[in-house]
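# No sequence on hand, only this structure:
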């Protein structure tokens with residue numbers, strides 16, 4: 001235990017003495033956050049996302065969905081239930097939700113040219129992003145008018161019953177800050193561990209440690225503890241700067257946020273140990289780490305929403321640890337999600353942690 005604490009304190013002293021590295025590893029994420037937040041932070045996406053809850057499950061309801069799909073201005077999502085759709089609407093992932101209630105098909109099949117009350121189709125919209133929501137409502141009305149015209153010669157048989165739902169007023173900066181924190185965790189641990197361990201191996205430091213009674217588990221545990229402290233402090237500094245400049249708040253539990261910071265740190269540290277074991281020199285460790293980390297910045301939901309990426313990339317994206325880390329941090333900070341509701345993200349990060357450490361145990365070399 002004494003060796004563990006001494007190694008941990010020694011590692012922290014190394015971090016603190018290397019002030020130039022410490023400054024730039026912290027300054028770059030903050031600089032990137034301020035630059036992107038200043039230029040894009042107040043912007044909202046202009047794509048119209050419409051969710052459809054088909055409770056009728058009929059030929060007529062499918063025809064309405066097909067008409068909405070044909071409109072290129074609409075990004076359509078078929079939701080399984082009203083509760084799921086309303087949750088997406090409140091989070092800002094959807095601008096409009098159309099509910100096709102039971103009886104829709106039977107009403108249209110009984111429709112004649114006689115004067116009768118039109119069918120009321122519930123449509124819910126995001127009150128916070130009112131301008132885009134109104135565009136979505138107009139697109140839905142256009143599709144419904146087409147059905148009315150085709151049915152009874154311009155006499156409306158279906159009308160929309162629009163209702164506003166209060167949603168979170170999320171801007172791009174709210175999306176960006178959790179991604180920046182995830183990026184910093186990935187870079188500090190995957191790139192940092194690989195470079196440091198490879199350098200120590202080349203300088204013979206690891207060989208001298210191996211010659212003592214020091215256990216490999218004690219050495220790794222000290223590395224983990226020191227980097228957890230460092231990452232926790234840096235994450236707090238980034239969030240503090242984001243709060244002071246952009247007014248960013250953590251709506252969820254700080255315990256949940258810290259838990260995912262720890263999970264992310266451990267997972268990327270394990271990957272860093274694998275790279276350190278593969279790399280023969282410090283010069284080769286950096287390119288290997290960069291080759292792996294660079295694609296993650298663009299595929300892991302750091303700067304752009306994962307759902308907007310092409311379909312063929314989705315299976316790859318869903319396997320990346322940074323995608324689940326950034327999503328978990330974003331849901332905790334912006335929506336106030338609990339740790340239990342983010343169980344999938346926790347399990348995937350835990351799987352990366354265990355799998356990578358198993359691989360690292362075979363690739364790690366003292367010399």
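Received it, and whenever you're ready, just let me know what you need. Predicted model, so just to flag it, every value in this text is computed and none were measured.

# what helices or strands is the host helix or strand of residue 4 leaning on?
Per DSSP states H and E: residue 4 is located in helix 2-17. If you count contacts as 3 or more Cβ pairs under 8 Å, 6 or more residues apart in numbering; DSSP states H and E, helix 2-17 packs onto helix 19-40, helix 216-246. For the C-beta atoms, the positions are set from N, CA and C on the backbone; glycine is no exception.

# closest to residue 335 out of those helices?
helix 216-246 (16.2 Å; Cβ to Cβ).

# Other residues contacting the helix holding residue 4?
By Cβ atoms under 8 Å, 6 or more residues apart in numbering, the surrounding residues in contact with helix 2-17 are 21-22, 214, 218-219, 221-223, 225-227, 229-230.

# want to throw the helices and strands packed on helix 2-17 into CSV with mean neighbour count?
Shown next, in CSV, are the helices and strands packed on helix 2-17 (neighbours: other Cβ atoms under 10 Å):
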stretch, mean neighbour count
helix 19-40, 15
helix 216-246, 17
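
# weakest of the ones you listed in terms of mean pLDDT?
Here the lowest mean pLDDT among the helices and strands packed on helix 2-17 goes to helix 19-40, at a mean of 73.

# Can you list the strands that the helix or strand just after it pairs with?
Once the chain leaves helix 19-40, the next helix or strand it forms, by DSSP H and E, is strand 48-54. Using DSSP bridges, strand 48-54 pairs in its sheet with strand 74-78 (parallel), strand 96-100 (parallel).

# Could you say which of those is packed most deeply?
strand 96-100 (a mean of 24; mean count of other Cβ atoms under 10 Å).

# Make JSON lines out of the helices and strands packed on helix 2-17 and add distance to residue 9.
As requested, these are arranged in JSON lines below (distance: least, Cβ to Cβ, whole Å):
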{"stretch": "helix 19-40", "distance to residue 9": "16"}
{"stretch": "helix 216-246", "distance to residue 9": "8"}
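
# To residue 67, which of these lies closest?
helix 19-40 (33.8 Å).

# Report the central residue of this structure.
Nearest to the geometric centre of the chain sits residue 327, at 2.4 Å (Cα atoms, centre = their mean).

# Hmm, it is touching residue 306, no?
Yes - contact criterion Cβ atoms under 8 Å: residue 327 and residue 306 qualify, at 7.4 Å.

# about what we covered before: what's the spacing between the helix holding residue 4 and its chain's center?
Offset of helix 2-17 from its chain centre (Cα atoms, centre = their mean, to the nearest Å): 33 Å.

# Okay, buried residues for that helix please.
4, 7, 8, 11, 12, 15 (16 or more other Cβ atoms under 10 Å).

# and it, average pLDDT?
73.

# what's the angle from it to helix 216-246?
40 degrees (axes from the mean of the first three to the mean of the last three Cα atoms, to 10 degrees).

# mind listing what residue 229 touches?
Neighbours of residue 229 in contact, by Cβ under 8 Å, 6+ apart: residue 12.

# Report the separation between the residue nearest to the centre of the chain and residue 109.
Distance, residue 327 to residue 109, using Cβ to Cβ, to the nearest Å: 44 Å.

# Would you map the strands across the stretch 151-300 of the chain?
Using DSSP state E, counting those that start in this stretch, the strands of the stretch 151-300 of the chain run over 158-165.

# any weak-confidence spans in it?
151-170, 213, 216-217 (pLDDT under 70).

# how is the chain carved up into domains?
Using automatic domain parsing, the domain parsing of the chain gives 2-40+171-363, 48-165.

# next one: the last one to chain centre, how far?
Translated: domain 48-165. The answer for domain 48-165 is 29 Å, by Cα atoms, centre = their mean.

# likewise the first one?
Using Cα atoms, centre = their mean, the distance from the centre of domain 2-40+171-363 to the centre of the chain it belongs to is 15 Å.

# what's near enough to touch residue 296?
186, 302, 320, 322, 323.

# redo that, cut-off 10 Å
Taking Cβ atoms under 10 Å, 6 or more residues apart in numbering as the criterion, residue 296 is in contact with 182-183, 186-187, 190, 268, 302, 317, 320-323, 325-326.

# what number of residues lie near residue 65?
By the criterion of other Cβ atoms under 10 Å, residue 65 has 16 neighbours.

# Next one: it from residue 50, what distance?
Look at residue 65 and residue 50: by Cβ to Cβ, they are 10 Å apart.

# shared neighbours of the two, which are they?
By Cβ under 10 Å, 6+ apart, the residues touching both residue 65 and residue 50 are 76, 98, 143.

# of those residues, closest to residue 176?
Lowest distance from residue 176 to those (Cβ to Cβ) belongs to residue 76, with 26.6 Å.
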